[in-house]
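# just to be clear, the model below is a prediction. Sequence and coordinates:
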Amino acid sequence: MDMYTATGEVQRIDKPRSTYPTRLVGLLEAAGNGQAWVGTASLIAPRFVVTAAHCLEGATSGSVKFGYDINDVTNDSAKYSIVACRIPTAYNGGGNRAWDVGVAELETAYMGEQYCLKAPADPAPRQFGFWVGLDNVLIYGYPATRKAVTASEYARIEVGHQYVVGGKKHGVDVSENLLQYQFDTRGGLSGAPILLPDLKTIVGVHASWNVVDDKQMGIGTLFTPAVTAWISGAVTSLMNATGPRPFLSQG
């Protein structure tokens, strides 16, 4: 399969818990106010995952099933409860895709530090040159809808499996923390990690989609220096919290 076509292509992952980076990506299940929903999250520290803010907004409980596959009879063996989570005040509860990012703390560590996904290390190249050269990106996650709005590879989606979606970068707005990519995305992929082809570097999380010039465009919250600084601060804040704390906080 050519992962970098202009329209993007989709491939189901076989045994996602047995390989990298797929075992670092999990099915996020959350609930609150009598409702339940799903998304995708990925491991960025032994006890912390990153996802989209709108996947955590309104939640009072949640869990992540790493490398989940509906056909795996042990699919709960890598299920980790979320004990606390944090979203940016800048998200503002209104779907601000420039800050549609959130961090969740797991009950126990899932993997060692050496296995976690990493953001680009040097803020300067990210700000001034890195994104100019970014051409192709991959998204790993759990689509939850069977039928696409337009004809695409998603006609073959089977819910309950991890998929990888590949395509070309369409546009970058560093000042607005936004990344656009020219391939179709479906519900359930919200919060999915946007990876470089090296499969180790996470450059954002999938947030939404829109239609530009009759083409499906995915929208992600870009891990600019401002966003990565917020993520680091959120992890530190959750780690250092003492005493009773709310399940969901903003800051």
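On my side now, so go ahead.

# I figured Lys200 was touching Lys118, is that so?
Yes. If you go by Cβ atoms under 8 Å, Lys200 and Lys118 touch, sitting 6.1 Å apart. All C-beta spots, glycine's among them, are computed from the backbone N, C-alpha and C.

# more neighbours: which of those two?
More crowded of Lys200 and Lys118, by other Cβ atoms under 10 Å: Lys200, with 14 against 11.

# ok, now which ones touch the more buried one?
By Cβ atoms under 8 Å, 6 or more residues apart in numbering, the contact set of Lys200 is 21, 117-118.

# just name the closest of these to Gly39, please.
Leu117 (16.4 Å; Cβ to Cβ).

# which residue is the nearest non-sequential neighbour of that closest one?
In space, Leu117 comes closest to Ile202 once its chain neighbours are excluded; the distance is 4.3 Å by Cβ to Cβ, 6 or more residues apart in numbering.

# what distance separates the host helix or strand of the one you found from the centre of its chain?
Using DSSP states H and E, Ile202 falls within strand 202-212. Relative to the chain's own centre, strand 202-212 is displaced by 9 Å; criterion: Cα atoms, centre = their mean, to the nearest Å.

# surely Phe66 touches Tyr110?
Yes. With contacts counted by Cβ under 8 Å, Phe66 reaches Tyr110, the gap being 6.0 Å.

# quick one, which of these two is more surrounded?
Phe66 (24 against 21).

# walk me through the domains of this structure.
When the chain is parsed with automatic domain parsing, its domains come out as 9-14+118-223, 22-116+226-250.

# buried residues, stretch 186-196. List them.
Of the residues in stretch 186-196, 186, 188-196 count as buried by neighbour count, 16 or more other Cβ atoms under 10 Å.

# okay, now the unreliable bits of this structure?
Residues of the chain meeting the criterion pLDDT under 70: 1-9, 94, 120-134, 145-157, 169, 171, 174-175, 184, 210-216.

# residue nearest the centroid of it?
Centroid check for the chain by Cα atoms, centre = their mean gives Ala192 as the closest residue, at 2.3 Å.

# OK, contacts around that one?
Per Cβ under 8 Å, 6+ apart, neighbours of Ala192: 25, 39-40, 42, 139-142, 205-206.

# now, among the residues you listed, which is nearest to Thr89?
Thr89 lies nearest to Val205 out of the contacts of Ala192, by Cβ to Cβ, at 17.6 Å.
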